[in-house]
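K.L.:
Build me a model from this:
(2 chains)
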There are 2 protein chains.
Amino acid sequence: MTAHPELIDALRQALPPDQLLTEPGDCWPYGYDNSRQQALPEAVAFATGAEQVQAVVRLCHEHGVPLTARGRGTGTTGATVPVRGGVVLSLERMDRILEIDPDNRLMVVQPGVTNQAVQDAAAAHGFFWPPDPTSAAFCTVGGNLAYNSAGPRAVKYGTPRENTLGLRAVSGDGRLLRTGVYTTKGVVGYDLTRLIIGSEGTLAVITEATLKLTPLPAAKRTLQAVYRDMGDAARAVAAIMAQPTIPCALEFMDRGAIEMIRRYSEANLPEGAGALLMIEVDGPEDCVDSAADTVTRAARVDGALSVEVARSEAEVKALWATRKALSPALRNVAPKKINEDVVVPVSHIPTLIEGLEALSQRFGITIVNFGHAGNGNIHVNLLVDPDDPVQMQAADACLDEVFSLVLKLRGSLSGEHGIGLVKRAFVDREIEPETLDLMRRIKGQFDPKGILNPGKGFPDI
Amino acid sequence: MTAHPELIDALRQALPPDQLLTEPGDCWPYGYDNSRQQALPEAVAFATGAEQVQAVVRLCHEHGVPLTARGRGTGTTGATVPVRGGVVLSLERMDRILEIDPDNRLMVVQPGVTNQAVQDAAAAHGFFWPPDPTSAAFCTVGGNLAYNSAGPRAVKYGTPRENTLGLRAVSGDGRLLRTGVYTTKGVVGYDLTRLIIGSEGTLAVITEATLKLTPLPAAKRTLQAVYRDMGDAARAVAAIMAQPTIPCALEFMDRGAIEMIRRYSEANLPEGAGALLMIEVDGPEDCVDSAADTVTRAARVDGALSVEVARSEAEVKALWATRKALSPALRNVAPKKINEDVVVPVSHIPTLIEGLEALSQRFGITIVNFGHAGNGNIHVNLLVDPDDPVQMQAADACLDEVFSLVLKLRGSLSGEHGIGLVKRAFVDREIEPETLDLMRRIKGQFDPKGILNPGKGFPDI
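P.N.:
Numbers count the residues shown, from 1 in each chain, chains lettered A, B, ... in the order given. Model prediction:
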């Protein structure tokens, strides 16, 4: 027996039978994401076009029932978990690329298309779309926009906010919105495009996005730099970021991450390595070697044990294999690790890492750090057993201190994973009360009944 | 006798005597901008800090009196003209650079600092701030942010929205807001930074901005390409923008603009030139020549009469002199020309220019076009005599058709000048009613009494 039989009946009228699930057994798979959270929706609706999105949102609005939009559920913060029940609106069947316009460097897509499909279609015309989360093969562009998800390339090419020209979306009261432009400039009206991007489905459901494409660079070089300790590596990051050749990836891992790889993978790393940088530069074929030289010089700070350019495609693969061995290795040790994605200004990375080491000792928790050093975006992994209540309590206390340290260093609680369920209690430490109150009131204009993804992104009042 | 004596008394209490003007003769100079509009404010307040901004906004809010924030008045749309009277809040005395942090590529400034002062301070550390309006020597960063003003470099480096990390601002009800981050990533809360940027002082008064800096490129090459006609030049623009070497300037002028320069300046231009491109590429010293070669190849489409790289600093100066001769030449012919700054997708520039030629003939109005071709941002100049009512009527009808054409080509009414007073009647042709209504309701959350810059940006209801 459902809590809202009239809504369910109305949804049945609005959608073909194969676009609505109401059996709990069928609905459960749409009630989780890549966090440890799960909740059962009353129904799962599958839209195939903007009109259906509008119809479903309108019905939920009329009945005052929560609606959670969902791509492929690869998010890590519980943002698509329907904690207050109601309807999950899956956009995975709205997966068409509507238009590719290489002359104007843009692509118009539905939200359910995967990031990989966008990259493939763009590459056929010599372009790419910069956001590249690790989950690119599976995650949807709608999800990338909802979280403002980036990845390694953001250091040079920016996040979805810098790479999206316009949106169509349905607000919480069922209005069709059209935001932005088809051009790289435009100042008519307020910038609702960026307001909706990163709002985790709490303002509107995106039904179409106009993506800004970037030409594929002709060539790339991949470097591995090994350091005595993290302080040295962090100084190298600052030196690299202070000169004009901006790398298209500047990834790092700390001693713990390197040890992890050593133990659980075949990757070959020099003895005594306390920190490692993976650096990529791209550009025209005749410039990329000198770009690699420039970055190499910047990377050779005191404490650098080696800075090497990969000489072959096989060596590049080996280098990325090292980086990619990390997540599986971590999962081996701690299947339910806590993975935060804090950001600090680049020059504060050493202080952050030192602070994390001290917290690790104080709370007796192994902390492994890696991430997008060029953006100061550090993935802090607390290797804890979530079934051990004592350890979990220590982890909570430790996380609390991690966030305090990050904010003291002028950082932010999240660089690309978002808030969702898991960080909402901490949001009011970063955002001041009057600004937070204004955000809530803006939400009220998009979604007067508060049906869109309730319980996410904001702390409870 | 002022309309709001109690407010004026309260302002006198709140501000030192040299920070308040109330005599009409003193106030008039703060009632105009670089449009043809002018209006008399009741008072002009000069703030020297955020607390004073807050105090003035609070008083205007309490008394329900309009407040128009103002930098140096270089805007072209009347956005800072106090058409509904009230208080002009001048921010020109808040002109300090509060912090330069080269390690983290950021600068914290007050809103009244000039764009040039920011560039000079950044250059001392090897950096620049990409937005570069023609008025850079005089205009303030607060104004750049209010209009999202860009300039030639936007084609490669983006507009203020892509180059600002965070803001402090006072909302229309006098609340101190803090938006954004000190890092290049951040997804906590809604993106109010970009919402306030480009809002023309209708949402909040910016009191501090954290600017994202970019390292100065080591070298630059400047090219001049001359074409038979605009169609050829536009095809060259598309060809240049479709390959990976993005110029840091891609400016064009049409036949009318070239004729104008020929007649009114010393600049040397080949016979039979129907269109001209000025192109700049930048990068490391050892790459910039090959970048210039790549762009030259792309620019050599059918109809190219010459594509030449400047060989010396003197030649570069001569090329930019050509471009810069344009505005004075135009002002010579038509001191009160109508200057629009429409945007269309790059591949539609030829169709736009053809359409403008047809409109020019039909309405008997000389139209001269130049602008930032790489962004499709065309400055359309109608050379009319504003004192001739018949010609002005024709100009109105012509402009109406210009905007229709731009929107038909998927363009936008403004790329960098904004709406202000002069384009507000056209905004609802570009933005759909429900989206416009939502923007108005968002404005209501920032500014519940509608005191901030009333009568700007939106059409009357």
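
K.L.:
So which elements touch the helix-or-strand element of chain A with minimal mean pLDDT?
P.N.:
Sorting the helices and strands of chain A by mean pLDDT, DSSP states H and E puts helix A:326-333 at the bottom, at a mean of 78. Of the remaining helices and strands, those touching helix A:326-333 by 3 or more CB pairs under 8 Å, 6 or more residues apart in numbering or on different chains; DSSP states H and E are helix A:255-264, strand A:366-372, strand A:377-383. All C-beta atoms are positioned from the backbone trio N, CA, C, and that covers glycine.

K.L.:
after the first one, next one along is what?
P.N.:
Following the chain from helix A:255-264 toward its C-terminal end, the next helix or strand by DSSP states H and E is strand A:275-283.

K.L.:
could you check the angle helix A:255-264 makes with that next one?
P.N.:
For strand A:275-283 and helix A:255-264, the angle between their directions (axes from the mean of the first three to the mean of the last three CA atoms, to 10 degrees) works out to 90 degrees.

K.L.:
Now do strand A:275-283: which elements does it pack against?
P.N.:
strand A:219-227, helix A:230-241, strand A:249-254, helix A:255-264, helix A:288-299, helix A:313-324.

K.L.:
winner for burial among those?
P.N.:
Compared across those, strand A:249-254 shows the largest average neighbour count, a mean of 26 (mean count of other CB atoms under 10 Å in any protein chain shown).

K.L.:
hmm, back to that, any chance of the helices and strands packed on strand A:275-283 in JSON lines, with mean pLDDT and distance to B:T77 too?
P.N.:
Rendered in JSON lines, the data for these read as follows (pLDDT from 0 to 100; distance: least, CB to CB, whole Å):
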{"stretch": "strand A:219-227", "mean pLDDT": "95", "distance to B:T77": "44"}
{"stretch": "helix A:230-241", "mean pLDDT": "90", "distance to B:T77": "37"}
{"stretch": "strand A:249-254", "mean pLDDT": "93", "distance to B:T77": "41"}
{"stretch": "helix A:255-264", "mean pLDDT": "83", "distance to B:T77": "53"}
{"stretch": "helix A:288-299", "mean pLDDT": "96", "distance to B:T77": "42"}
{"stretch": "helix A:313-324", "mean pLDDT": "82", "distance to B:T77": "50"}
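
K.L.:
Export those as CSV, with columns for distance to A:P130.
P.N.:
Formatted as CSV, those follow (distance: least, CB to CB, whole Å):
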stretch, distance to A:P130
strand A:219-227, 14
helix A:230-241, 18
strand A:249-254, 11
helix A:255-264, 25
helix A:288-299, 18
helix A:313-324, 18
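
K.L.:
Could I get those in TSV, plus columns for distance to chain B?
P.N.:
Written out in TSV, the entries for those read as follows (distance: least, CB to the nearest CB, whole Å):
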stretch	distance to chain B
strand A:219-227	10
helix A:230-241	5
strand A:249-254	11
helix A:255-264	20
helix A:288-299	5
helix A:313-324	19
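
K.L.:
So which of those is nearest A:R70?
P.N.:
Of all the helices and strands packed on strand A:275-283, the one in closest proximity to A:R70, counting by CB to CB, is helix A:313-324 (26.5 Å).

K.L.:
what's the angle from the closest one to strand A:366-372?
P.N.:
Counting by the same axes, to 10 degrees, helix A:313-324 points 130 degrees away from the direction of strand A:366-372.

K.L.:
Packing partners of helix A:313-324?
P.N.:
Under the contact definition 3+ CB pairs under 8 Å, 6+ apart, helix A:313-324 sits against strand A:219-227, strand A:275-283.

K.L.:
And these: which comes nearest B:L91?
P.N.:
Across the helices and strands packed on helix A:313-324, the minimum distance to B:L91, taken as CB to CB, is reached by strand A:275-283, at 40.7 Å.

K.L.:
okay, now A:I442: neighbour count?
P.N.:
Other residues within reach of A:I442 by the criterion other CB atoms under 10 Å in any protein chain shown amount to 21.

K.L.:
That one and B:Y190 touch, don't they?
P.N.:
Yes: distance between A:I442 and B:Y190: 6.4 Å, which falls inside the contact criterion (CB atoms under 8 Å).

K.L.:
joint contacts of these two?
P.N.:
When contacts are counted by CB atoms under 8 Å, 6 or more residues apart in numbering or on different chains, the set common to A:I442 and B:Y190 consists of A:L195, A:L203.

K.L.:
how about the least confident helix or strand of chain A: buried residues?
P.N.:
Applying a neighbour-count criterion of 16 or more other CB atoms under 10 Å in any protein chain shown, the buried positions in helix A:326-333 are A:L326, A:S327, A:A329, A:L330.

K.L.:
quick one: contacts of that helix?
P.N.:
A:134, A:253, A:257, A:260-261, A:263-265, A:337, A:366, A:368, A:370, A:381, A:383.

K.L.:
angle of that helix against strand A:249-254?
P.N.:
Using the same axes, to 10 degrees, one finds that helix A:326-333 and strand A:249-254 are set 30 degrees apart in direction.

K.L.:
what is the orientation angle of helix A:326-333 with strand A:377-383?
P.N.:
Using the same axes, to 10 degrees: helix A:326-333 against strand A:377-383 is 20 degrees.

K.L.:
what is the mean pLDDT for the helix or strand just after helix A:326-333?
P.N.:
Stepping forward along the backbone from helix A:326-333, the first helix or strand reached (DSSP H and E) is strand A:338-343. Along strand A:338-343, the predicted confidence averages to a pLDDT of 90.

K.L.:
Report the distance from strand A:338-343 to the chain centre.
P.N.:
Between the centre of strand A:338-343 and the centre of its host chain there is 11 Å, according to CA atoms, centre = their mean, to the nearest Å.

K.L.:
Now flag whichever of the buried residues of helix A:326-333 is closest to A:G172.
P.N.:
Distances from A:G172 to those, taken as CB to CB, are shortest for A:S327 (35.4 Å).

K.L.:
Can you add distance to B:G418 and give the buried residues of helix A:326-333 back as JSON lines?
P.N.:
Output for these, formatted as JSON lines (distance: CB to CB, whole Å):
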{"residue": "A:L326", "distance to B:G418": "47"}
{"residue": "A:S327", "distance to B:G418": "46"}
{"residue": "A:A329", "distance to B:G418": "52"}
{"residue": "A:L330", "distance to B:G418": "49"}
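
K.L.:
and these, which two are the farthest apart?
P.N.:
For the buried residues of helix A:326-333, with distances taken as CB to CB, the pair at the greatest spread is A:S327 and A:A329 (7.2 Å).

K.L.:
Quick one: the strands in the stretch 101-250 of chain A, in order.
P.N.:
In order along the chain, the stretch 101-250 of chain A carries the following strands (DSSP state E, counting those that start in this stretch): A:106-109, A:127-128, A:164-171, A:176-180, A:204-212, A:214-215, A:219-227, A:249-254.

K.L.:
same question for the first one, mean pLDDT?
P.N.:
Taken as a whole, strand A:106-109 carries a mean pLDDT of 98.

K.L.:
roughly how far is it from the heart of the chain?
P.N.:
The gap between the average C-alpha position of strand A:106-109 and the chain average comes to 20 Å, counting by CA atoms, centre = their mean.

K.L.:
can you list contacts of that strand?
P.N.:
The set of residues that contact strand A:106-109 without belonging to it, under CB under 8 Å, 6+ apart, is A:96-101, A:118, A:121-122, A:129, A:141, A:165, A:182, A:208-213, B:345.

K.L.:
Skip the chain neighbours and tell me the closest residue to the most centrally placed residue in chain A.
P.N.:
In chain A, the centroid-proximal residue (CA atoms, centre = their mean) is A:S149; its distance is 3.1 Å. Residue nearest to A:S149 in three dimensions, not counting chain neighbours: A:P133, with 4.5 Å by CB to CB, 6 or more residues apart in numbering or on different chains.

K.L.:
Now do the same contact list for that neighbour.
P.N.:
A:P133 makes contact with A:T74, A:N115, A:C139, A:N144, A:S149, A:A150, A:G151, A:E416, according to CB under 8 Å, 6+ apart.
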